[in-house]
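J.: requesting a structural model of the entry that follows:
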Amino acid sequence: MARGKKKEIAQPPALDDENETSSSSAHQDDESSIDHDEEVMNTTNPTLTADNASKDDESSIDLEDSSTDSSNANTAPPPISKSWAALTTHSPCYTGGNVLFSSPSSISNHNNNNQDEHLPHFILAQRGGDVSIIEASTGLLLRTLRRGMAYHGSGDDNNNEDNDDDEEVMDAEAITAFDLNPNNQEVIVVTRGHLVRRYSLVDGDGDQSKSKKGGASSSVVALTNPAPVSTIGKSGHTLPVTKIAHHPSGIFFATGSVDGLVKIWDSRNNYATHAFLPMGGGKGRYAVTCLQWRQVATCLVLAIGREDGSISIHDLMVSRDKKANNVPLAVLRDHVSAVTCISWAESGGLFFSSGRDSVINTWLISEEEEVVPPRKKKKSQDGGIAKTVSTKKVTYTRIRTLPVYEQVESLILLSRRYRPASESKGQQEMVDRKDIVLATVGTKGIVRLWKARPTGKEGVHSISDLSLLASQNEIDAFGEDKGGYTSLHLTSLSTTHLSPLLVAVDAEHNMTLLKMGWGRDSSGEEMLQIRTDRAIVGDNGEILDMAVIPGSSKDRHTVAVATNSAQVRIFGLADANKDEIADDETTENSTHSALSPRGLLDGHTAIVLAINASPCGRYLATAGKDKTMRLWHLASRKCIGLATGHTEAVGSVALSKKAGCYDVGGKAAENGAGAFVVTASKDRTLKVWPLPGSAVLNKLAANGEELSLRARLSARAHEKDINIVSVAPNDSLIATGSQDKTVKLWRSTDLALQATLKGHKRGIWDCQFSKTDRVLATASGDRTIKLWSIADSSCVRTFQGHMAGVLRVRFLATGLQLLSCGSDGLMKLWTIRTNECESTIDAHDDKIWALDLSPCGTALFSGGADSKIAVWRDTTKENDDAVREAEAQNILMEQKLSNHLRNKQYEEALEIALKLDKPNQVLRVLTEIVEKDTKNNRGVETLQKHALKWDLERLTQILKYCREWNTRARNSHIAMLVVKAVVTTIPSKKLSEMDGIPQIMAGIAPYAERHFDRLDRMVENSYLMDFTLFSMGSLHGTSDETYSDWVARSKYVLPPSAVDGRIQVGGSLLVGATKKNAADSSDDSSNESVVTVGESDSSEDEDSSSSD
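T.: Numbers count the residues shown, from 1 in each chain. Down below sits the predicted model:
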């Protein structure tokens, strides 16, 4: 069976207003109702024909309104939906590796100073080659270190894991190890390229005063950009670094790699201070498996656990005095396998270690004076004999070994402040305040607590053997068959008081939060219990199917999800007590829209492929590759029914849609009058399984029993794999879609074939009955959606627009529209009447296998192969209201603009025109302002005044206008004046640093140069005009005006001047110009005021002829 053949998504509850009768007459009433429903469905024409579309739409709305509860009338979606927006998204945040929690001590210290300020707690988790920042209270992925919020819409991080063996595609920047500084502000990472880097979790421009009291955490969850990064240097390791550990002071950190080398770094000065090589040298299993500092700020003791089972303990202060940096203080070799955990007791006298050799060792730390004799023939610096040196010798002696019969992956020493308080005498006898308590997890998948009581004696017998104190119950435990737990952490999610929680990380990348508290066992005796508080899902894998669970307002938005596992996960919105989903932007607290896990349904032995919920919200049917179908009681999370009989994987399942049928029991239920389950398998058969009634099912859940269901009807339905099965709202028909390109309609009472719908060119992936009309929608791999009339089995609509196969289709609550999704990761919203696509939503990065609507119609859930679950809400009403409000505001602003222009209040009109984004009006207002300033000889004073008030957005807007205006000569003058006002008001350095301004100026400059060149040419041409007028002299021969008078009255740019017989007019030298003197002018009075420029050829010819 193909991986994509997954199956029926739960339909919203049918609009059923029939009253169910008692069990004694249920069979007769059911037969009559079936006959009546069948008669109605086969005698009425399809409502969505072209001629009667409008009338049928009105009748559909009437049906919807008549059957919908009046309490939900105000929350009903608009008749025509046009847009949907993402409310919240559950994306993969942990793909395996290290997990860190923000320091509880920092939170505690912070609260001592600011009791009223709540500080969000966050988690750091490995996500491929990046590190995720997760909000601990909701489990939402906020951002990543390297990419910020850019992880949305991309799966690059996960893709890197598939290419780890390909050296050419390895990401050198991928993070292999990381650790959080105790101040919660910095993360030290080492990349695959052996670079040590420091990422800051706080905003670089934030208030530094917050950094001392833990204010960093508030910034961590608020920022969305990639974290600021600085490079410390090369790690110096030859193989990948896998472990990093910070000293409690936050000044030093250690890095350990697969090559066995451990280096100590000074984070203040960014250099390595020590390097510790494995003892023995040569080749061997020396990979570093754990690093642990002693949790005392004044002590520089580091323990290194390696794969060969050895533990090296180094004291940096002693090594510095002896100048023997590579000599450990002690080497412990009692483990025979990799050491996974190391811990010191608070008193400092005990030391615990555990590993994959399935034992926990207890070590006694003792100190004794050691006298170092002086070396022979060695004198001190002052010339005297060298003195003896007295030092303390520290020894570690193994005093206890506890076999735990599982590979221990994590061990935590619980101090007194993290234990439940012992109030009664019995509790004090079980856990005394002086007892040492350990928590361990391993391959068995069970969290266990161990205690050891001091004996009061000195020496090696100062502590008793470790004994089991408490253990996680088998129902809540993860289990050994699934891979067990990989790590255990101690954290506190409360910001007002310490509320310790144990966080167990399992092999399926889930984080289970556990609480420790006192309770009583079945015999009534007090005991310490480990209870599951909640869980954070790190990675869902591929989402195969989902179903929204109807019910009361408390569980209105609860959804069951089938992933690539045998477990069914239950998710719900944190604010599920509201019928409508609130807008996430209306409140600062985003936890109300978080999609968080609420439980698991564990019973299948193979991957679950299909899920369907009952309309009453009490039962859930699941089917999978284990060839079985299971019925679950959702309130108790118990399996109450098991159906076996298929010979291949069960790919689709559907429950009956009449809510009242689930109360029918007895003989009527056995004969088909009650509720039933329909299954379709890869073996190409269709089976109907009757249910015994809610009374029997509830009793089974109370007793923890499981009923074996028996098939009442069975038929070979198709010639190829069946992909989907769906039940009509009145339970009269069953539709099946197959890879054989057909959809078949079956009568539910006897599985008689009613019709075969043919028309698709590829396999059918989904089919859905309408709640309001007698039509069926089908989705196919041929990229089309078809709407079929049940009355005559004809196709009445075909919707085309998807670029890939359509996998899911759903009717909206009104029945007037369709929602579809495909293998291209897109969702489309269709209006049936117009046959048009109203909206296309880019929802996922891969195939969308799962799609379902909430019963109230206000929430849409989608899940795909990209491991992402998205919740969508209808924003049509908000968008329409926003458009209407914007239009009203626009009309008001335009009226104000007209009033200001009419009253010549240009400065006020300029601001309004800019707000309205009207370039023509802005140009008109600026023209009037410039003309007014020119008359008053104020230059660009008014424009400069406005430029001082403009912010970056407004400045960018006006300069873009100038760039457009500057392309036309008639508007260039205003554009240049505005640019002048800007550059003379705002310093050029500040302008160059503004985002986008240099690019806009670069677009203005070429046209400005062109306009200035044009003006220069005009000025030069004006000189020719001056010269022409000067050369023409007086146009009236009787004028006695002299040249000097004309020059004095004319306005030249440069006055003409005579130099060496040449006359300079307007800055140009005219060669050969001569002026007749008074003597010559006496010969011809008519030429007294004539100035000759140059010499005429005709005059030369006349002179030459006269001389002859």
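J.: show me where pLDDT drops low in the stretch 101-250 of the chain?
T.: Applying pLDDT under 70 to the stretch 101-250 of the chain flags residues 104-120, 149-170, 203-225.
J.: need the strands for it, in chain order.
T.: Secondary structure of the stretch 101-250 of the chain (DSSP state E, counting those that start in this stretch): strands located at 122-127, 130-135, 140-144, 175-180, 186-191, 195-200, 229-234, 241-246.
J.: and the last one, what does it pack against?
T.: Other elements packing on strand 241-246 under the criterion 3 or more C-beta pairs under 8 Å, 6 or more residues apart in numbering; DSSP states H and E are strand 175-180, strand 186-191, strand 252-257, strand 288-293. Quick note: C-beta positions are derived from backbone N, CA and C, even for glycine.
J.: so which of the ones you listed gets nearest Leu1015?
T.: Across these, Leu1015 has its closest neighbour in strand 186-191 (58.4 Å, C-beta to C-beta).
J.: for stretch 264-271, buried residues please.
T.: 264-265, 267 (16 or more other C-beta atoms under 10 Å).
J.: next one: stretch 512-521
T.: 512-514, 516, 518.
J.: ok, now stretch 330-338?
T.: So stretch 330-338, judged by 16+ other C-beta under 10 Å, has buried residues 330, 332, 334-335, 337-338.
J.: which ones among those map onto strands?
T.: 330, 332 (DSSP state E).
J.: please render the buried residues of stretch 330-338 as a markdown table that adds distance to Val725 and pLDDT to the earlier fields.
T.: Compiled in a markdown table, those are given as follows (distance: C-beta to C-beta, whole Å; pLDDT from 0 to 100):
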| residue | distance to Val725 | pLDDT |
| --- | --- | --- |
| Ala330 | 68 | 88 |
| Leu332 | 63 | 92 |
| Asp334 | 61 | 91 |
| His335 | 56 | 93 |
| Ser337 | 51 | 92 |
| Ala338 | 50 | 94 |
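J.: what is the nearest of the buried residues of stretch 330-338 to Phe811?
T.: Of these, the one sitting nearest to Phe811 (C-beta to C-beta) turns out to be Ala338, at 56.8 Å.
J.: so who does that closest one touch?
T.: Neighbour list for Ala338: 285, 289, 305-309, 355-356 [criterion: C-beta atoms under 8 Å, 6 or more residues apart in numbering].
J.: so how do I select the buried members of those in PyMOL?
T.: The buried subset of the contacts of Ala338, as determined by 16+ other C-beta under 10 Å, is captured in PyMOL by this line:
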select buried, resi 289+305+306+307+308+309+355+356
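J.: returning to that earlier point: relative to Phe676, which of the strands of the stretch 101-250 of the chain is closest?
T.: strand 140-144 (39.2 Å).
J.: counting by contacts, list what the closest one packs against.
T.: strand 130-135.
J.: buried sites along the strand it packs on?
T.: For strand 130-135, using 16+ other C-beta under 10 Å, the buried residues are 130-135.
J.: if we can go back for a sec, CSV for the strands of the stretch 101-250 of the chain, including distance to Ser820?
T.: Below are those laid out as CSV (distance: least, C-beta to C-beta, whole Å):
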stretch, distance to Ser820
strand 122-127, 31
strand 130-135, 32
strand 140-144, 27
strand 175-180, 39
strand 186-191, 43
strand 195-200, 42
strand 229-234, 42
strand 241-246, 46
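J.: minimum distance to Trp689: which of those strands has it?
T.: Using C-beta to C-beta, the nearest of those to Trp689 is strand 140-144, at 38.9 Å.
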